[in-house]
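>>> Quick one, fold the following:
(one chain, ligands or ions: 1)
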Amino acid sequence: VEYDRRKTAEDQLPELPEVETIVRDLSARIVGRRIARLRVRLNKIVRTGPRRASALAAGETVRRVSRRGKFIVLHLSGDKYLVVHLKMTGQFLWGPVVRNWPEYVHVMVDFDDGKALYYRDIRQFGYFLALSAADYTRWLEDTLLGPDPFQISADDFAAALQRRKGRIKALLLDQKFLSGLGNIYVDECLFAAGIHPLCPADQLDADAARRLHGEMTAILKQAIRMRGSTTRDYVGLAGAAGRYQERHLVYGKTGGYCPTCGTPIRRIVSAGRGTHFCPCCQPEP
Ligand SMILES: [Zn+2]
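Residues are numbered from 1 along each chain as shown. Okay, the predicted model is just below:
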């Protein structure tokens with residue numbers, strides 16, 4: 001089968017499994033390491049200002065790396081924080097401290113043992129924030145991120161859907177409702193649960209909502225085990241691609257057939273995003 005992938009280029013943003021993979025890779029490498037200096041080549045990447053970021057990070061030790069939705073948070077000693085969003089093409093790579101800037105590398109975090117973290121970003125949409133404890137608290141309040149799919153129970157998820165009238169696809173993409181999902185995993189989760197992407201959220205009964213929650217957490221866990229989906233630029237810290245794209249059943253499968261019933265996969269645009277589904281297994285509400 002020749003899949004039509006012309007229109008999937010818009011979807012190359014790392015989602016929860018890809019960001020979680022990077023967070024785990026980073027944790028293994030940089031926790032306990034002391035930052036000698038943070039260097040910035042392209043100022044706009046550091047939205048809180050490059051000089052302030054360099055001053056904030058220098059001399060601090062990385063205590064912990066965590067994920068908030070699709071954000072990466074480096075918790076530094078001194079109650080300081082570096083928050084990173086990779087957007088479309090942001091990548092972290094690991095290597096030695098180097099004098100010359102590698103191609104497309106815009107920020108380098110040099111550690112005092114000669115190792116360095118490179119932030120590489122071809123499209124330059126990703127960004128860093130360097131935050132004090134008070135600024136970090138304010139950032140958490142301002143971003144209003146919804147719960148992580150792993151943090152909300154099936155019953156609470158079902159109750160939250162009951163209170164919303166929007167279409168399920170758009171709602172699952174809304175980071176203020178639920179944080180971490182993007183276009184690829186929303187399509188896969190709705191297919192697995194047999195739910196039409198345009199179904200109004202409050203029309204899903206409790207069984208369908210709980211089924212969606214179960215499929216969602218299972219798919220995300222499996223995707224993390226396979227180090228995420230590499231459809232274009234995403235790689236882990238060692239530069240290796242993810243493998244979950246091999247398990248995609250509907251996303252990017254326009255021109256192919258439903259693996260369950262053989263019906264041609266349909267593509268529509270919902271919430272401004274290409275949306276892939278089986279019109280037979282996911283009947284219109
Ligand atoms: Zn089907």
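
>>> what mean pLDDT does stretch 71-91 have?
The average pLDDT for stretch 71-91 rounds to 96.

>>> Can you mark which positions in it are buried?
Going by neighbour count (16 or more other Cβ atoms under 10 Å), the buried part of stretch 71-91 is 71-76, 80-91. Quick note: C-beta positions are derived from backbone N, CA and C, even for glycine.

>>> likewise stretch 125-139?
Neighbour-count burial for stretch 125-139 [16+ other Cβ under 10 Å]: G126, Y127, F128, L129, A130, L131, D135, Y136, W139.

>>> ok, and of those residues, which contact the ion?
With Cβ under 5 Å from the ion as the criterion, no member of the buried residues of stretch 125-139 is in contact with the ion.

>>> Mind putting the residues you listed into a markdown table with distance to R64?
Formatted as a markdown table, the buried residues of stretch 125-139 follow (distance: Cβ to Cβ, whole Å):
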| residue | distance to R64 |
| --- | --- |
| G126 | 21 |
| Y127 | 21 |
| F128 | 17 |
| L129 | 17 |
| A130 | 16 |
| L131 | 15 |
| D135 | 18 |
| Y136 | 13 |
| W139 | 17 |
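
>>> Next step: the residues you listed restricted to helices.
Counting by DSSP state H, the part of the buried residues of stretch 125-139 found in helices is D135, Y136, W139.

>>> For H106, give me its contacts.
Listed by Cβ atoms under 8 Å, 6 or more residues apart in numbering, the contact set of H106 reads V40, R41, L42, I45, Y119, R120, D121, Q124.

>>> And what about it, helix, strand or coil?
Put simply, H106 is strand when judged by DSSP: H, G, I helix; E, B strand; the rest coil.

>>> Give me the pLDDT for the residue nearest to it when sequence neighbours are not counted.
In space, and not counting its chain neighbours, H106 is closest to L42: 3.9 Å by Cβ to Cβ, 6 or more residues apart in numbering. L42 carries a pLDDT value of 98.

>>> Can you give me the neighbour number for L42?
Residues lying near L42 (other Cβ atoms under 10 Å) number 15.

>>> same thing with I219?
Using other Cβ under 10 Å, I219 is surrounded by 22 other residues.

>>> same deal with G194?
For G194, the neighbour count with other Cβ under 10 Å is 17.

>>> Over to the one 4 residues further on?
The local packing of L198 (other Cβ under 10 Å) involves 18 other residues.
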